[in-house]
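# this one's structure only:
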């Protein structure tokens, strides 16, 4: 049996019941807190920058536990907005740092920005984006990974680095793959809003 067939069979069976173990969540949350404190102890981030993840990580586990039997559409929207805000804040901080250090950050012509905007809408992560430094299109995922690498120091400084990650496949790519496998639109929609679907980056 192929991997695609196995995956399809598992998805069509539906999700199992949500995990109800409080002890498991406490252990995992404790491990996350210890990991954050270890990063602070090694000088990876300042104590002030670690306050937000130290507070938000256990709050997230509590929220996850309370929402485990409910639809997660609202949760996905809120997470998407939060992740986008973290990236925007990191990008703004990185540009400000570059400006302060004399690193050239030249404004781009609107037509080039519009070109990448159109490419992102039309092709998503499966397509290509213009690389302004190289002067040619490169894979969209590669371009975003390079951008995230560039903003990483600023993201780490403001405590946003743990929230920046690209998924192996986004929702559009998963839906197209399932449609090509023969799934109906009703099945695809149900799979995307399933309460136990994993949300996050790599």
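Received it, and whenever you're ready, just let me know what you need. Note that the structure is predicted; figures quoted are calculated from it, not measured.

# Name the spans of the chain whose pLDDT lies under the cut-off.
The chain contains residues with pLDDT under 70 at 1-21, 39, 42-49, 67-73, 75-76, 194-202.

# Going along the chain, name the strands of it.
For the chain, strands defined by DSSP state E occupy the ranges 128-131, 136-139.

# Give me the distance between residue 138 and residue 146.
The gap separating residue 138 from residue 146 is 8 Å, by CB to CB, to the nearest Å. In this view, the C-beta of every residue, glycine as well, is placed from N, C-alpha and C.

# Residue 182 now?
In terms of CB to CB, residue 182 sits 36 Å off from residue 146.

# the more surrounded of those two?
residue 146 (12 against 8; other CB atoms under 10 Å).

# distance of the more buried one from residue 139?
Residue 146 is 10 Å from residue 139, by CB to CB.

# cool, residue 97 as well?
27 Å.

# With residue 172 instead?
From residue 172 across to residue 139, the span is 16 Å (CB to CB).

# Please enumerate the helices of the protein.
3-13, 22-41, 47-66, 73-100, 110-123, 140-157, 171-181, 185-192 (DSSP state H).

# quick check: angle from the second one to helix 47-66?
Translated: helix 22-41. 170 degrees (axes from the mean of the first three to the mean of the last three CA atoms, to 10 degrees).

# Work out the gap between helix 22-41 and the centre of the chain.
Relative to the centre of its chain, helix 22-41 is centred 20 Å away, using CA atoms, centre = their mean, to the nearest Å.

# In terms of secondary structure, what does that helix contact?
Secondary-structure packing of helix 22-41 (3 or more CB pairs under 8 Å, 6 or more residues apart in numbering; DSSP states H and E): helix 47-66.

# Give me the contacts around the helix it packs on.
22, 25, 28-29, 32-33, 36-37, 39-40, 75, 156-159, 162 (CB atoms under 8 Å, 6 or more residues apart in numbering).

# mind running it again at 7 Å?
25, 29, 32-33, 36, 40, 157-159, 162 (CB atoms under 7 Å, 6 or more residues apart in numbering).

# what do you get for stretch 112-131?
Here stretch 112-131 makes contact (CB under 7 Å, 6+ apart) with 132, 137-141, 143, 170, 172-173.

# So which of the residues you listed wins on neighbours?
residue 143 (21 neighbours).

# So what pairs up with the closest residue to that one other than its chain neighbours in the strands?
Once flanking residues are discounted, residue 143 sits nearest to residue 129: 4.4 Å by CB to CB, 6 or more residues apart in numbering. In this structure, residue 129 bridges to residue 138 when assessed by DSSP bridges.
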